[in-house]
Every structure is written in structure tokens, then in C-alpha cells.
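Colleague: My questions concern the predicted model and sequence given below.
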Amino acid sequence: MGAITRAAPDVRSAVAAAQVVVVCAPVGAIVEQVRQIAQQCPPGTLITDAGSTKAEIVAAIEQLERQKSWPAGVTFVGAHPLAGNDKRGPQHADASLFAGRLVVITPTASTSAQAVRQATDFWQSLGAITREMSPDEHDRALAMTSHLPHLIAACVAGATPAEFLPLTASGWQDSTRIAGGDPAMWRQIMLANREHLLTAFDGFSGNLEAWRRALESADGPALEHLLAEAKRVRDSANGPAGPAS
């Protein structure tokens with residue numbers, strides 16, 4: 001398909017002359033892949049990633065960096081591009097995937113300013129808009145804006161009886177699109193961010209209960225208020241980076 005410009009038989013030859021290495025893997029595999037890659041990189045190499053959770057990954061890699069076996073001059077800066085879709089495979093590649101989209105960079109107090117600049121320059125060179133957040137702040141926010149929506153989409157899809165599927169239209173398709181993502185990958189994401197996701201779920205449950213009360217009491221004004229508030233939030237969500245997947 002022409003998706004690979006140059007292939008390498010092993011990690012050593014792949015990164016021997018690398019300036020930047022991007023680890024794109026399920027979140028449960030990123031730490032070990034970074035550990036293996038770092039051992040083969042030349043000094044001055046930046047390693048970054050595209051994982052949807054950050055706190056566990058960054059903490060584990062910083063622990064590796066404190067060990068004597070970590071190579072001198074090799075740095076890691078966590079990142080999460082808020083771009084993509086529910087498809088997988090090179091046939092769904094998009095050369096402009098990051099153009100105008102937000103990439104969150106998650107340095108810590110021990111991350112050098114030079115490494116942060118290098119990571120920022122790399123992602124911006126792909127057309128992305130960058131924003132710095134702490135790993136935990138990122139995970140708390142993404143629990144609400146990404147991981148909870150995926151959970152809810154999966155719940156709606158899974159609760160739909162098979163005999164009703166021929167009656168689904170754009171509303172159902174739009175609401176459940178992200179439920180088509182890789183289940184194994186999303187299992188890892190949800191477990192890695194379990195505490196923040198449970199907190200987000202609690203907040204959602206309280207909001208859902210307000211909807212239930214309005215329906216049970218046939219309270220039209222309350223329903224309209226809830227619908228109007230949801231519309232207000234949704235209409236204000238399309239910032240300069242656009243809605244992220």
C-alpha cells in the first residue's frame with residue numbers, strides 16, 4: 001500500500017540514527033516499548049507517544065529514567081493527539097490527521113525545557129496545536145471528554161435489541177460511532193484511567209437521574225431546560241481545534 005517508507009528488521013537498526021521516536025501502541029504496551037527503544041537510541045533522542053492515558057505511563061517511565069540502566073541523553077515526553085476515528089489499519093490513513101487538531105503534551109517537574117520544546121516543535125510540524133497539561137490533569141479531563149463518551153456509546157450500542165437495528169438512522173449512528181473502536185485497546189484505556197473514569201461516571205449518573213425525574217413527572221419545562229443546557233454546551237464545544245475524536 002506504500003504506507004511504509006522504510007522498514008527495519010529490529011529496534012536497534014530502526015532507531016540507530018533517530019532524533020525523534022513516536023511510540024504508537026496500546027497504552028498497556030507503551031512503557032515496555034519505550035524501555036526497549038531507549039536502550040537503542042543515540043544520545044539526544046526524544047521519545048514521545050500517542051497514548052490516551054498519561055499518568056501511569058509517565059510515572060512508570062520516569063521511574064525507569066531514574067535507574068542506572070537508562071541511557072544518558074535520551075528523554076521521554078508524554079503526548080496525546082486528540083485526533084483519529086474508529087477505523088484501524090493503513091487503508092484509513094489520513095495525511096492531514098493532525099492539521100489544526102490539539103495535541104496535549106504532559107511534562108512533569110523533572111522534564112527538561114529543551115525536551116518539551118523538542119516535543120512541541122515536532123507535533124506542531126505536523127500541523128497540530130499543542131497544549132501542556134500535567135499527566136493527572138490530562139487523565140481527569142479525558143475521562144470526561146473521551147473515555148466516558150466511549151463508555152456511554154458502547155452502552156447505547158450494546159443495549160439496542162438486534163431486531164431494532166434496521167430502524168437505526170443518523171442519530172443512533174452518530175451517537176454510537178466511537179463504540180466501533182478496538183475493544184482490546186479500550187479495555188486497557190478504561191482500566192488505566194479507572195479512578196477518574198469512575199468519578200466522571202458518578203457525575204454522569206447524577207445528571208441522568210435528573211433526566212429520569214423530569215420524564216417520570218412529565219415535567220416539560222425541566223426537560224426543555226436540560227435539552228437547552230445540553231445544546232448550549234455542545235454548541236460551545238467547537239473551539240479552534242475542532243471537535244476531537
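Modeller: Yep, it's here. Numbers count the residues shown, from 1 in each chain.

Colleague: switch to C-alpha atoms for all contacts and neighbour counts from now on
Modeller: Fine.

Colleague: quick one: low-confidence parts of this structure?
Modeller: Across the chain, residues meeting the criterion (pLDDT under 70) sit at 238-245.

Colleague: Please enumerate the strands of it.
Modeller: For the chain, applying DSSP state E gives strands covering 20-23, 46-49, 75-81, 102-106, 129-132.

Colleague: need those in a markdown table with mean neighbour count and distance to T120, can you?
Modeller: Formatted as a markdown table, the entries for the strands of the chain read as follows, by neighbours: other C-alpha atoms under 10 Å; distance: least, C-alpha to C-alpha, whole Å:
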| stretch | mean neighbour count | distance to T120 |
| --- | --- | --- |
| strand 20-23 | 18 | 12 |
| strand 46-49 | 24 | 10 |
| strand 75-81 | 25 | 9 |
| strand 102-106 | 24 | 7 |
| strand 129-132 | 18 | 7 |
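
Colleague: Which one of these lies nearest to F122?
Modeller: Closest to F122 of the strands of the chain is strand 20-23 (C-alpha to C-alpha; 8.1 Å).

Colleague: Give me the helices and strands touching the closest one, please.
Modeller: Taking 3 or more C-alpha pairs under 8 Å, 6 or more residues apart in numbering; DSSP states H and E as the contact definition, the neighbouring helices and strands of strand 20-23 are helix 27-38, strand 46-49.

Colleague: Reformat the ones you listed as TSV; add distance to R140.
Modeller: Putting the helices and strands packed on strand 20-23 into TSV (distance: least, C-alpha to C-alpha, whole Å) gives the following:
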stretch	distance to R140
helix 27-38	16
strand 46-49	19
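
Colleague: so of those, which one's packed in deepest?
Modeller: Between these, strand 46-49 has the highest mean count of neighbours, a mean of 24, where neighbours are mean count of other C-alpha atoms under 10 Å.

Colleague: what packs against that one?
Modeller: On the basis of 3+ C-alpha pairs under 8 Å, 6+ apart, strand 46-49 makes packing contacts with strand 20-23, helix 27-38, strand 75-81, helix 113-125.

Colleague: With T5 as the reference, name the closest of the ones you listed.
Modeller: From the helices and strands packed on strand 46-49, taking C-alpha to C-alpha, the stretch that ends up closest is strand 20-23, at 15.1 Å.

Colleague: which stretch among the helices and strands packed on strand 46-49 comes nearest F201?
Modeller: F201 lies closest, by C-alpha to C-alpha, to one member of the helices and strands packed on strand 46-49: helix 27-38, at 21.1 Å.
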